[in-house]
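A.B. asks: My questions concern the predicted model and sequence given below.
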Amino acid sequence: RHPLIMEGFGTCGLILLFATLSATAAIARFLQLAYRAGRVSSERRTRLCKTLIVMGSGGHTMEMLRLLGGLAPDRYSPRLYVVAETDAMSLEKVLNFECDRGLTARVMRVPRAREVKQSYLTSVPSTLYAGLCSLPLVLKACPDLVLCNGPGTCIPVCLCAYLLKFLGLKDSKIVYVESVCRVTSLSLSGLILYYLADHLLVQWPKLKDLYARTQYIGRII
């Protein structure tokens with residue numbers, strides 16, 4: 001071995017060097033993906049877009065269904081839905097939505113990352129658990145598009161999809177649609193996904209003025 005490596009670096013030095021190079025590569029990859037986010041491809045998609053739809057709850061579910069009503073099922077297909085295990089209402093709405101169109105809904109259930117009124121402190125382990133449960137589902141689905149509009153249920157799914165993109169395993173596009181209720185500020189989910197989502201769509205022009213990476217689409221309800 002070269003004496004400089006033995007004397008100047010040693011085992012600890014080599015570990016530190018490896019950690020530094022790994023961190024640098026990770027930051028560079030993150031910046032690359034962040035730079036690409038928000039750009040609209042000029043290439044017209046000719047094949048079906050496998051779409052993973054993360055349902056929120058309550059009003060978020062209704063907004064998502066209204067949005068899905070404007071998507072051509074012959075292009076955004078197959079559709080796979082992710083519904084929280086404790087969200088019976090969203091499950092029923094999804095089943096009825098697809099049934100009305102003569103289709104059978106494909107639904108995957110995951111633990112809810114954060115229950116209503118759950119403290120942010122206790123939501124950390126529940127979100128990590130939801131992430132562990134979501135990873136095999138995302139790997140199996142391998143979607144071309146992840147479509148979500150909050151609340152917290154979408155975060156573990158989007159993080160798993162981003163991990164696949166980060167590792168170069170699947171370039172899933174993440175599209176987050178902010179709720180119409182958010183007029184002057186982004187939700188917590190929107191802030192978390194601000195640099196991770198490929199497109200962050202808002203329904204009020206003021207949000208576009210405040211957050212440069214967002215795209216204004218007008219009201220969908």
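C.D. replies: Okay, I see it. Residues are numbered from 1 along each chain as shown.
A.B. asks: Output stretch 153-161 in CSV with nothing but the alpha carbons.
C.D. replies: Taking Å, rounded to 0.1, in the frame of the first residue of the first chain, the C-alpha atoms of stretch 153-161 are listed here in CSV:
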residue,chain,number,x,y,z
THR,A,153,-51.1,9.8,3.6
CYS,A,154,-49.4,10.8,0.4
ILE,A,155,-46.0,11.7,1.9
PRO,A,156,-44.7,8.1,2.5
VAL,A,157,-45.9,7.1,-1.0
CYS,A,158,-44.2,10.1,-2.6
LEU,A,159,-41.0,9.6,-0.7
CYS,A,160,-40.9,5.9,-1.8
ALA,A,161,-41.5,7.0,-5.5
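A.B. asks: Need the contact partners of that stretch.
C.D. replies: 52, 54-57, 82, 84, 87, 110, 112-113, 127, 130-131, 133-135, 137-139, 143, 146, 148, 170, 172, 174, 176, 189, 192-193, 196-197 (Cβ atoms under 8 Å, 6 or more residues apart in numbering). All C-beta spots, glycine's among them, are computed from the backbone N, C-alpha and C.
A.B. asks: residue ranges for the strands of this protein, please.
C.D. replies: Using DSSP state E, the strands of the chain run over 51-54, 79-84, 106-110, 145-148, 173-177, 199-202, 214-216.
A.B. asks: Are any of the contacts of stretch 153-161 buried, and if so which?
C.D. replies: Among these, the ones that count as buried by 16 or more other Cβ atoms under 10 Å are 52, 54-57, 82, 84, 87, 110, 112-113, 127, 130-131, 133-135, 137-138, 143, 146, 148, 172, 174, 176, 189, 192-193, 196-197.
A.B. asks: Nearest residue to the middle of the chain?
C.D. replies: Nearest to the mean C-alpha position of the chain, by Cα atoms, centre = their mean, lies residue 158 at 2.5 Å.
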